[in-house]
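1. just to be clear, the model below is a prediction. Sequence and coordinates:
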Amino acid sequence: ALAAYGAAKLVGWAWTKYRSEDTEDNQNENFELHDDNINLNQPLSAVHQQHNANVRDHQSRRNLMRKRRHQVNKCYLETIVTLETFMNHKLKQIIEKNLDFSTQTKQLKEMKKSKQIIEKSGVIKEKLWDDIKVKSITRMFSTIYAHTLLTLTLTIQIHLLGGRIFRDKLDSRNRNGPSEESCDYDYTHKVVLMNTFEYFFENGVLQLIAELEAFVENETEHWVVLSGDDLGSVTMQDFSSITDKIRSIERKNTFVDFFFPMNQARAVDELQQNIIDEVLDIMESPVFLEAKDECLSLSFETMKVNGWAKLFRDESSPELLVNLVGQLKKVTNTFYEAPSVSNSELEQMIWAENPMKFPNPYIKGMDRLESLKELGDISFN
């Protein structure tokens, strides 16, 4: 229901923002125009007419470019708003539910209170702590990847819809309202949006969690949290090696199957299949791969600098795993917290007409990535 709500929100935005009459004032700007194509041998009146026609054509192109930039920016802003809705009302619940370790924590507390026989409880404690370790790290990685995939896919879907409605709005000026074809496209795109994100939340996220959990369990097998009375420890370099390893494996994957099942039969509706094919083409393009790589690199670096690196004194000094795994939840929660704002940024927000409000520091960093803007641009086109 929440996935459907998010998709409905997208379509509601499209209709209210793009189907409404454009109330923006198109003011003429003073500028000089030099056109070498003007024939100076013509009568003076003809030269003036040709010059005025060129000026009008130039103004028309400038207005079109200005409106296009405005609509692309609206698509970008809506991507951020919708991402925040999905993150806070759907994704967080799914990840925490499937990587919940409250049962293990409760058992450890009960064992401590009941003072069970050490010989019997020792092995159990080791297993419980190992489960907490794997789930804590997997929760962190799952949030990074799910957040990035949502950002990229929402960027494509919203800009595709926004671009289509923008072009249809230009064409509708020669007609009395939107065409039947454009209405069919809007409805069909809504269906594709709903199906895409329902599949992602019901299947894709679970598949992502399962793959990452298997990876973490295998790679951290030698990270012993508790062995008898001995407490295990790791260094910052150990943590970095895990992230480097997962990045080397992940770069070979486009993650398309987390949104669209590859063995699924083609859609009965031809228009619906055309929209899906259009999305798939973009997701398999070099532009998408570059944006994915840069967004993930920035996310991993942001999480390191602002998150788990602060849990270590330096790169080589070991820290107890018991202490680390208990604090990784705070690191993961940085995806659901607004970033800090500097004084200079606050001053800019005061004077800005529509100040940008980022839902987390990761999106704030992605705002500077040209590859993500290019992904939105080619989707809009």
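-> It's in.
2. quick one: low-confidence ranges for the protein?
-> For the chain, the stretches with pLDDT under 70 are 1-58, 115-122, 173-183, 228-229, 251-254, 262-268, 341-355.
3. report the longest helix in it, please.
-> For the chain, the helix with the greatest residue count under DSSP state H is helix 118-171.
4. that helix: what's the following helix or strand?
-> Next in sequence after helix 118-171, counting helices and strands by DSSP states H and E, comes helix 180-199.
5. so which other helices or strands are in contact with that following helix?
-> Applying 3 or more C-beta pairs under 8 Å, 6 or more residues apart in numbering; DSSP states H and E, one finds that helix 180-199 makes contact with helix 2-18, helix 118-171, helix 270-283. (Glycine included, C-beta is placed from N, CA and C.)
6. flag every buried residue along the helix or strand following it.
-> As assigned by DSSP H and E, the chain's next helix or strand after helix 180-199 is helix 205-219. Across helix 205-219, burial judged by 16 or more other C-beta atoms under 10 Å covers 205, 206, 208, 209, 211, 212, 213, 215, 216, 217.
7. which members of the residues you listed are the farthest-apart pair?
-> 205 and 217 (18.3 Å; C-beta to C-beta).
8. follow-up on the earlier one: between the buried residues of helix 205-219, which is closest to residue 103?
-> Using C-beta to C-beta, residue 213 comes nearest to residue 103 of the buried residues of helix 205-219, at 15.9 Å.
9. and the closest one, what does it touch?
-> Taking C-beta atoms under 8 Å, 6 or more residues apart in numbering, we find residue 213 in contact with 99, 134, 135, 138.
10. what about it, distance to residue 219?
-> 11 Å (C-beta to C-beta, to the nearest Å).
11. hmm, back to that, can you tell me which of the helices and strands packed on helix 180-199 is most buried?
-> Most buried of these by mean neighbour count (mean count of other C-beta atoms under 10 Å) is helix 118-171; its value is a mean of 21.
12. can you give me the helices in the stretch 201-350 of the chain?
-> 205-219, 236-250, 270-283, 286-306, 321-332, 343-351 (DSSP state H, counting those that start in this stretch).
13. could you give the angle of the fourth one to helix 236-250?
-> Angular relation of helix 286-306 and helix 236-250 on a 0 to 180 degree scale: 170 degrees, by axes from the mean of the first three to the mean of the last three C-alpha atoms, to 10 degrees.
14. which strands and helices lie in contact with helix 286-306?
-> Using 3+ C-beta pairs under 8 Å, 6+ apart, helix 286-306 sits against helix 118-171, helix 236-250, helix 361-366, helix 370-380.
15. ok, residues contacting the last one?
-> Outside helix 370-380, the residues that touch it by C-beta under 8 Å, 6+ apart are 68, 71-72, 75-76, 79, 151-152, 155-157, 159-160, 162-163, 166, 282, 285, 287-288, 290-291, 294-295, 366.
16. distance from the chain centre to that helix, please.
-> Relative to its chain's centre, helix 370-380 lies at 13 Å (C-alpha atoms, centre = their mean, to the nearest Å).
17. check the first one too.
-> On the basis of C-alpha atoms, centre = their mean, helix 118-171 sits 10 Å off its chain's mean C-alpha point.
18. do stretch 63-76 as well
-> With C-alpha atoms, centre = their mean, you get 21 Å for stretch 63-76.
19. with just CA atoms, put that stretch into CSV.
-> What follows is stretch 63-76 as a C-alpha-only set of coordinates in CSV (Å, rounded to 0.1, in the frame of the first residue of the first chain):
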residue,chain,number,x,y,z
ASN,A,63,12.2,30.7,-23.7
LEU,A,64,12.0,27.0,-24.6
MET,A,65,15.4,26.3,-23.1
ARG,A,66,14.5,28.3,-20.0
LYS,A,67,11.3,26.3,-19.5
ARG,A,68,13.0,23.0,-20.2
ARG,A,69,15.6,23.8,-17.5
HIS,A,70,12.8,24.7,-15.1
GLN,A,71,11.0,21.5,-15.7
VAL,A,72,14.1,19.4,-15.4
ASN,A,73,14.8,21.0,-12.1
LYS,A,74,11.2,20.3,-10.9
CYS,A,75,11.8,16.6,-11.8
TYR,A,76,15.0,16.6,-9.7
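20. give the buried residues for that stretch.
-> For stretch 63-76, by 16+ other C-beta under 10 Å, it's 67, 68, 71, 72, 74, 75, 76.
21. which one of those residues is nearest residue 356?
-> residue 76 (9.4 Å).
22. tell me the helix or strand right after whichever helix or strand the closest one is part of.
-> Taking DSSP H and E as the definition, one finds residue 76 inside helix 44-86. Downstream of helix 44-86, the next assigned helix or strand under DSSP H and E is helix 92-98.
23. and that following helix, what does it pack onto?
-> helix 118-171, helix 205-219.
24. TSV for those, including distance to residue 259?
-> Shown next, in TSV, are the helices and strands packed on helix 92-98 (distance: least, C-beta to C-beta, whole Å):
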stretch	distance to residue 259
helix 118-171	6
helix 205-219	10
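25. of the ones you listed, which is nearest residue 331?
-> Closest approach to residue 331 among those (C-beta to C-beta): helix 118-171, 6.0 Å.
26. let me know the angle separating the closest one from helix 236-250.
-> 50 degrees.
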